[in-house]
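A.B. asks: coordinates only, no sequence provided:
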Ligand SMILES: O=C(O)C1=C[C@@H](OP(=O)(O)O)[C@@H](O)[C@H](O)C1
Ligand SMILES: C=C(OP(=O)(O)O)C(=O)O
């Protein structure tokens with residue numbers, strides 16, 4: 001399919017809208033995996049409908065799981081035993097390539113995993129080493145896709161030491177399947193740097209505990225999952241807070257106001273950090289009755305931010321930094337060179353093309369804001385480069401994204417939601433003008449009347 005380009009619309013007025021964000025990719029795909037491993041049926045409510053979760057459902061079905069979608073209620077029936085399948089397509093989904101192989105390791109037979117061309121360079125070896133250590137057989141040529149998993153229903157499990165510096169998903173993948181292993185699993189991280197995206201591991205632990213699994217995470221860099229049953233049940237998915245970020249950032253950038261309903265009071269999604277990050281960047285942020293409101297002020301503050309725990313936010317923060325008065329620094333995100341694309345290189349290229357001065361560091365970016373120009377914004381098959389380009393295009397005319405469809409990885413309705421946000425903002429502005437002129441006419445009437453009475 002040819003790439004579809006899209007000219008990001010300019011903000012005609014400061015944005016002013018309420019935006020309902022679809023379900024979290026990370027929670028949806030964990031809920032599906034855990035429902036597949038459970039001892040009884042589950043219902044997932046509000047799961048994300050997007051490419052990554054479609055690939056996950058297809059992968060699980062191929063391993064023998066029954067899934068039926070009725071609107072936003074998905075019924076999941078686990079199989080008595082997983083069945084091996086010829087090929088599983090991971091697309092570009094980290095959660096599929098890192099969470100599904102441990103399930104294939106319970107199937108007696110061989111399953112080959114492959115994915116998009118861009119997926120073949122994403123790191124995998126820590127997970128594959130870990131799976132070998134717990135008893136699976138892996139055939140592989142490189143540190144990545146494609147590879148073949150040959151499993152057994154009675155996978156022993158046990159102690160596994162992995163270097164998870166490149167992604168938290170290696171640990172999450174092993175933990176999610178650990179309770180089903182004969183001895184459970186005891187995962188330790190030993191590596192050059194701290195595990196990134198730690199809140200995502202906390203999310204894994206919490207979702208396991210909600211399903212009756214015992215997890216000991218009391219020691220740093222060690223997670224112990226006891227063998228036992230994973231219970232089914234009914235589970236509700238939170239909105240995807242990383243996908244809320246570009247909409248909320250639009251308020252900060254245009255001096256407008258965006259409200260996002262159903263914002264969780266507490267969440268293990270790294271995207272929850274957007275509220276604090278936007279406050280640091282100068283916006284007014286308020287959470288009341290489950291609605292997060294971000295209101296832009298006149299300026300974007302420059303920042304010095306460690307995004308190691310919330311690296312999904314890097315593209316949005318980098319774009320905001322391009323509109324600050326002074327230089328900003330982002331660090332702690334070396335591992336995002338292994339995300340959908342090398343995000344540090346991609347952001348440096350796009351921001352340089354539109355006039356900023358950007359330095360890539362080992363683990364981040366230094367962004368000096370400069371004259372901003374129209375240009376092509378390359379998206380590198382990365383959904384977050386689409387949302388970042390849209391954000392940039394609110395302020396600079398004629399920003400053309402070379403491929404917008406890759407946003408379907410986690411938000412197929414992004415363009416519609418973005419354009420609706422802008423249309424609602426124009427409508428709110430016109431209404432405001434109308435109310436303003438009605439009020440002025442009323443005031444004038446009062447003055448005239450008053451004058452007549454005098
Ligand atoms: O477990 C998860 O659901 C995720 C973990 C993180 O990956 P890394 O640890 O590779 O950053 C995050 O960036 C990704 O979007 C989703
Ligand atoms: C890194 C991301 O995705 P994945 O789940 O494919 O790793 C992301 O969505 O920012």
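C.D. replies: Structure's in. What do you need? For clarity, every value in this text was computed on a predicted model and none was experimentally measured. Ligands and ions are numbered 1, 2, ... in the order given.
A.B. asks: quick check: residues of the chain near ligand 1?
C.D. replies: For the chain, the residues in contact with ligand 1 (C-beta under 6 Å from any ligand atom) are 26, 94-95, 167-169, 172, 196-197, 200, 311-312, 335. C-beta coordinates here come from the backbone N, C-alpha and C atoms, glycine included.
A.B. asks: go again using 8 Å as the cut-off
C.D. replies: 25-26, 29-30, 94-95, 98-99, 166-169, 172, 195-197, 200-201, 203-204, 242, 270, 311-312, 335-336, 338-339 (C-beta under 8 Å from any ligand atom).
A.B. asks: cross the residues you listed against helices and list the overlap.
C.D. replies: 25-26, 29-30, 94-95, 98-99, 169, 172, 200-201, 203-204, 242 (DSSP state H).
A.B. asks: ok, the residues you listed vs residue 408, which is closest?
C.D. replies: Residue 408 has its nearest neighbour among these in residue 25, at 11.7 Å by C-beta to C-beta.
A.B. asks: got a pLDDT number for that closest one?
C.D. replies: We have a pLDDT of 98 for residue 25.
A.B. asks: cool, and residue 375?
C.D. replies: 89.
A.B. asks: what's across from it in the sheet?
C.D. replies: Taking DSSP bridges as the rule, residue 375 bridges to residue 399.
A.B. asks: how about the helices in the stretch 351-454 of the chain?
C.D. replies: Applying DSSP state H, counting those that start in this stretch to the stretch 351-454 of the chain gives helices spanning 383-393, 414-453.
A.B. asks: picking up where we left off before, what about ligand 2: which of the residues of the chain next to ligand 1 touch it?
C.D. replies: Counting by C-beta under 8 Å from any ligand atom, the members of these near ligand 2 are 25-26, 29, 94-95, 98, 167, 169, 242, 311-312, 336, 339.
A.B. asks: most neighbours among those residues, which one?
C.D. replies: Ranked by the number of neighbours (other C-beta atoms under 10 Å), these place residue 26 first, at 31 neighbours.
A.B. asks: show me the contacts for it.
C.D. replies: Each residue near residue 26 by C-beta atoms under 8 Å, 6 or more residues apart in numbering is listed here: 95, 200, 203, 240, 269.
A.B. asks: swap in residue 107?
C.D. replies: So residue 107 contacts 63, 64, 81, 82, 83, 84, 85, 151, 153 (C-beta under 8 Å, 6+ apart).
A.B. asks: which two in those residues are spaced the farthest apart?
C.D. replies: 85 and 153, at 15.4 Å, using C-beta to C-beta across the contacts of residue 107.
A.B. asks: for the two, indicate the residue with more neighbours.
C.D. replies: Set side by side, residue 85 and residue 153 show more neighbours around residue 85, with 17 against 13, by other C-beta under 10 Å.
A.B. asks: which residues of the protein lie near ligand 2?
C.D. replies: 25-26, 29, 52, 92-98, 122, 167, 169, 242, 311-312, 336, 339-340, 382-384, 409-410.
A.B. asks: for whatever residue of the stretch 301-450 of the chain ends up closest to ligand 1, what are its contacts?
C.D. replies: Using C-beta to the nearest ligand atom, the single residue of the stretch 301-450 of the chain nearest to ligand 1 is residue 312, 4.6 Å away. By C-beta under 8 Å, 6+ apart, the contact list for residue 312 reads 197, 242, 245, 270, 271, 384.
A.B. asks: domain ranges for this protein, per the record?
C.D. replies: Following automatic domain parsing, one finds the domains of the chain at 6-21+241-428, 25-227.
A.B. asks: of the contacts of residue 312, which pair is most distant in space?
C.D. replies: Across those, the longest distance by C-beta to C-beta is 14.7 Å; it joins 197 and 245.
A.B. asks: mind checking which of these two has more residues around it?
C.D. replies: In this view residue 197 and residue 245 are compared by other C-beta under 10 Å, and residue 245 has more residues nearby, 30 against 25.
A.B. asks: now the angle from the helix or strand where the more buried one lies to helix 414-453?
C.D. replies: Under the criterion of DSSP states H and E, residue 245 resides in helix 241-254. On the basis of axes from the mean of the first three to the mean of the last three C-alpha atoms, to 10 degrees, helix 241-254 is oriented at 40 degrees to helix 414-453.
A.B. asks: which strands and helices sit next to helix 241-254?
C.D. replies: strand 257-260, helix 274-280, strand 291-295, helix 314-321, helix 383-393, helix 414-453 (3 or more C-beta pairs under 8 Å, 6 or more residues apart in numbering; DSSP states H and E).
A.B. asks: compare the ones you listed and give me the one nearest residue 187.
C.D. replies: Per C-beta to C-beta, nearest to residue 187 of the helices and strands packed on helix 241-254: helix 314-321, 26.2 Å.
A.B. asks: quick check: angle from the closest one to helix 241-254?
C.D. replies: Using the same axes, to 10 degrees: helix 314-321 against helix 241-254 is 10 degrees.
A.B. asks: which parts of helix 314-321 are buried?
C.D. replies: 314, 315, 316, 317, 318, 319, 320, 321 (16 or more other C-beta atoms under 10 Å).
A.B. asks: and for stretch 172-190?
C.D. replies: Those would be 172-181, 184-187, 189, for stretch 172-190 by 16+ other C-beta under 10 Å.
A.B. asks: residue 426: which of these is nearest?
C.D. replies: The closest of the buried residues of stretch 172-190, once distances to residue 426 are taken by C-beta to C-beta, is residue 172, at 42.1 Å.
A.B. asks: so that closest one touches residue 99, yeah?
C.D. replies: Yes. Using C-beta atoms under 8 Å, residue 172 is in contact with residue 99, at 6.8 Å.
A.B. asks: spit out the residues that contact these two alike.
C.D. replies: Common neighbours of residue 172 and residue 99, using C-beta under 8 Å, 6+ apart, are residue 30.
A.B. asks: OK, contacts around the single nearest residue of the chain relative to ligand 2?
C.D. replies: As assessed by C-beta to the nearest ligand atom, ligand 2 sits closest to residue 94 within the chain, at 2.5 Å. Taking C-beta under 8 Å, 6+ apart, we find residue 94 in contact with 122, 167, 169, 339.
A.B. asks: tell me how far the last one lies from residue 83.
C.D. replies: With distances defined as C-beta to C-beta, to the nearest Å, the gap from residue 339 to residue 83 amounts to 32 Å.
A.B. asks: tell me where the stretch 51-200 of the chain has helices.
C.D. replies: Assigned by DSSP H, counting those that start in this stretch, the stretch 51-200 of the chain shows helices spanning 51-62, 94-99, 101-104, 125-133, 169-178, 198-210.
A.B. asks: by mean pLDDT, flag the weakest helix or strand of this structure.
C.D. replies: Scoring the helices and strands of the chain by mean pLDDT, DSSP states H and E places helix 414-453 at the bottom, with a mean of 81.
A.B. asks: and that helix with helix 383-393, angle?
C.D. replies: 30 degrees.
A.B. asks: distance from the chain centre to helix 414-453, please.
C.D. replies: Distance of helix 414-453 from the chain centroid (C-alpha atoms, centre = their mean, to the nearest Å) equals 37 Å.
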